[in-house]
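Generate a structure from the sequence data that follows.
(2 chains)
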Amino acid sequence: MVERHIGLSIFCHVVLLIGAAAVCMPLYFAFVAGSLTVGEVQQVPFPLVPGSHFVENTVLAWNEGQFSRLYVNSLIVTTGIVVGKLAVSLIAGFAVTYFRFPFRMTAFWLIFISLMLPVEVRIIPTYEAVADAAGPLRALFDAIGLNGFVADTTGYQLDAALQWNMINSYSGLILPLIASASATFLFRQFFLTVPDELCEAAKLDGAGPLKFFWDVLLPLSRANIAALSIILFLYGWNQYLWPLLFTTEKVMSTAMIGLKDLIPVADAQPAWNIAMAASFFVMAPPALVILLMQRWFTKGLVDSSK
Amino acid sequence: MPANNAIMTKNEGAATRPRLPLRRSLGSLVRPSEAGLKASHFRRPWLAAGLLAPQLLILLFFFFIPTWKALSLAFVQVDPFGGTMIFVGLDNFTTLFSSPEYRDSAILTLWFTVVQCIATLVIAGLLAFATDNVLRGRAIYKGVILLPYAIAPAISGVLWAFLFNPTVGPLAQMLHELGFAWDPNRRPFDALLLVSVAAVWKHVCYDYIFLVAAFLAVPASVMEAAAIDGARPVRRFLTVTLPMAAPTIFFLIVMNFVYGLFETFGIIDTVTRGGPAGSTNTLVYKVYQDGFRQLDLGSSAAQSVILMAIAVLFTFLQFRAVERKVNYQV
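Predicted structure coming up:
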């Protein structure tokens, strides 16, 4: 700051206070609504101070929405996305930066291209891919005539044997979301900044590529891994479209979908108090992560958009 | 970031070569290239193949094949039961472009995205400017303003759907008292406004983080020089900070468009479900509606292809933005 203006300073505080209030206002009203009874929540004007039923409503919402199960599902799916994506992209990033092999650039390009299309634009075909994961293999075998060949020579029906439906399964919820190369690209960028001397030294000491990766590269990447895990955690927990499409059974859906099911529809009793109480425990894990790990989160966000 | 990229450029060899692989000629696909390879590296092709296999397999099954399918489905007509497929050429596209519904949806999406983009950027800019100019309480303000990043679009939708619910919502009640006939379930404009508010509320924090960082990155010496020349804070902001943050702003415009186009599905599904009368039926929501509700696979695939084209365009713009940011700062 070069010089201070008291007027400007006051103006800025006012702006920030309004901004903070605008962020908190929906959350506050949600809390008030979550602490009222069904009757109270419908009164006009809407009460400005919280009632005393928040815990009661939370418990009710938790049981009514089967959140014991949905919460576990969300945790499994989110962990799967975080761990899976990190593992897959770390080794892929390692391979494209530290190995010389034919088609290295081709592999890099194949990964790179996938950055271009967000999942939302290929909803239907991806749904098909998950519903019938073995379909492409069948089509391939069909195209190259392997089906006919195998059927002719051995009498074995490849078509019938290759079936794999991932609807209502954890893998169906996790795998399509891992299929983007943003993290691979991030690690590639990071590995390129690692000094070459480290690899030279490791080689001189007789370390193979895997030992180098495990003992040198992974510890160096710790900060990036931490930052990225937070972003991926938020991404995984807050998924909405995929669980909505890929789970038809209540027991396999996620907390986010459970919350959606609690929103009162037009003709039902307007149980907004239950829905609002539920929204708090559904948004709690990511909110805690952001509040407790703000520094890592900011780093992760800025890094992952590079 | 400047440091990272500087090192990266050195590693990639020639300074004349662009930093991002996008511009590299297609010839590098087949020619063995050193670009992006560490000077000290290993030569174990099979190990490398093994390390790449998981990523490439996942991409093959959940990216390349679905994308290929969407491309091929866009040119055929499938009956809802998936029995027969007839090649119809560009029919799906011509039907789409001549359908008033699709045109409405496209115009609506454009409006929604532009309004959302500008509102988000202006609010975030104002907040970031204020953050840059206060000394006390900065961390607390930041913490609170960042909070919506943790909140899923769907939850943001639920919160705002409640606040503006015409029968129980506290803010809707205020509007009614002020004499507005607020009802997002019946009035198209109200619905669109509500969706936009929820979208902006959720996304301001994203732009805010980047703008705070960009404003902080303006060298103190430049600000001091401007101050010595007699420029007051607002003038300094408009003539020094903003131009220096221009690459970030460009990047954020692109990102806001991507968000508005593709990531607002959760908000629309929880607030309005595309209604009333299709007034919030954005392009992405329409793909879902037509494909999963109406089972019109051909049309839905054609819409996917159009969205893909838009997404590719925005990815290019995004990389241009990143490139400009780099050039500017190094």
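
For the residue nearest the centre of chain A, list the residues it contacts.
Centroid-nearest residue in chain A: A:Gly236, 1.9 Å away (criterion: Cα atoms, centre = their mean). By Cβ atoms under 8 Å, 6 or more residues apart in numbering or on different chains, A:Gly236 lies in contact with A:Val77, A:Thr78, A:Thr79, A:Gly80, A:Ile81, A:Val82, A:Leu177. Where C-beta positions appear, they are placed from N, C-alpha and C, glycine not excepted.

One more pass at 10 Å, please.
For A:Gly236, the contacting residues are A:74-75, A:77-82, A:84-85, A:173-174, A:177-178, A:229, A:242, A:254, A:286, taking Cβ atoms under 10 Å, 6 or more residues apart in numbering or on different chains as the criterion.

what about residue 123, how many neighbours?
Using chain A. 24 (other Cβ atoms under 10 Å in any protein chain shown).

Please refer instead to chain B.
Here the neighbour count serves as a burial measure; for B:Ile123 (other Cβ under 10 Å) it reads 20.

That one: what's its closest spatial neighbour, skipping adjacent residues?
In space, and not counting its chain neighbours, B:Ile123 is closest to B:Val204: 5.1 Å by Cβ to Cβ, 6 or more residues apart in numbering or on different chains.

on that earlier part again, tell me the spacing between the residue nearest to the centre of chain A and A:Val77.
Distance from A:Gly236 to A:Val77, counting by Cβ to Cβ, to the nearest Å: 6 Å.

Need the overlap of contacts for these two.
The contact lists of A:Gly236 and A:Val77 share A:Leu173, A:Ile174, A:Leu177, A:Trp242, A:Thr254, where a contact means Cβ under 10 Å, 6+ apart.

out of the residues you listed, which touch chain B?
Checked against chain B using Cβ under 10 Å from any Cβ of the partner chain, the shared contacts of A:Gly236 and A:Val77 give the following subset in range: A:Leu177.

that older thread, which element is the residue nearest to the centre of chain A on?
Counting by DSSP states H and E, the element that carries A:Gly236 is helix A:222-237.

Show me what counts as buried in that helix.
By neighbour count on 16 or more other Cβ atoms under 10 Å in any protein chain shown, the buried set for helix A:222-237 is A:224-225, A:227-237.

among those residues, which two are most distant?
Every pair in these was compared (Cβ to Cβ); the two farthest apart turn out to be A:Asn224 and A:Trp237, at 20.3 Å.

which stretches of the stretch 201-306 of chain A have low pLDDT?
Within the stretch 201-306 of chain A, the stretches falling below the threshold (pLDDT under 70) are A:266-268, A:303-306.

all helices for it, in order.
A:209-212, A:218-220, A:222-237, A:241-246, A:255-262, A:272-292, A:294-304 (DSSP state H, counting those that start in this stretch).

Redo those as TSV? Include distance to B:Leu242.
Written out in TSV, the entries for those read as follows (distance: least, Cβ to Cβ, whole Å):
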stretch	distance to B:Leu242
helix A:209-212	46
helix A:218-220	37
helix A:222-237	28
helix A:241-246	36
helix A:255-262	38
helix A:272-292	28
helix A:294-304	19
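
among the ones you listed, which is nearest A:Gln42?
Proximity to A:Gln42, assessed across the helices of the stretch 201-306 of chain A by Cβ to Cβ, is greatest for helix A:272-292 (8.4 Å).

Would you mark the buried spots in that closest one?
Along helix A:272-292, these residues count as buried under the neighbour rule (16+ other Cβ under 10 Å): A:272-283, A:285-287, A:289-290.

Roughly how far does the residue lying closest to B:Arg232 once chain neighbours are set aside sit from B:Phe129?
Counting by Cβ to Cβ, 6+ apart, B:Arg232 lies nearest to A:His5, which is 7.6 Å off, once chain neighbours are set aside. Remark: distance between A:His5 and B:Phe129 (Cβ to Cβ) = 13 Å.

Give me the more crowded residue out of these two.
Neighbours were counted for A:His5 and for B:Phe129 using other Cβ under 10 Å; B:Phe129 has more, 22 against 14.

got the residue ranges for the strands in chain B?
B:76-78, B:85-87 (DSSP state E).

okay if I get these as CSV plus distance to chain A, mean neighbour count and mean pLDDT?
What follows is these, written out as CSV (distance: least, Cβ to the nearest Cβ, whole Å; neighbours: other Cβ atoms under 10 Å in any protein chain shown; pLDDT from 0 to 100):
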stretch, distance to chain A, mean neighbour count, mean pLDDT
strand B:76-78, 11, 17, 75
strand B:85-87, 13, 11, 77
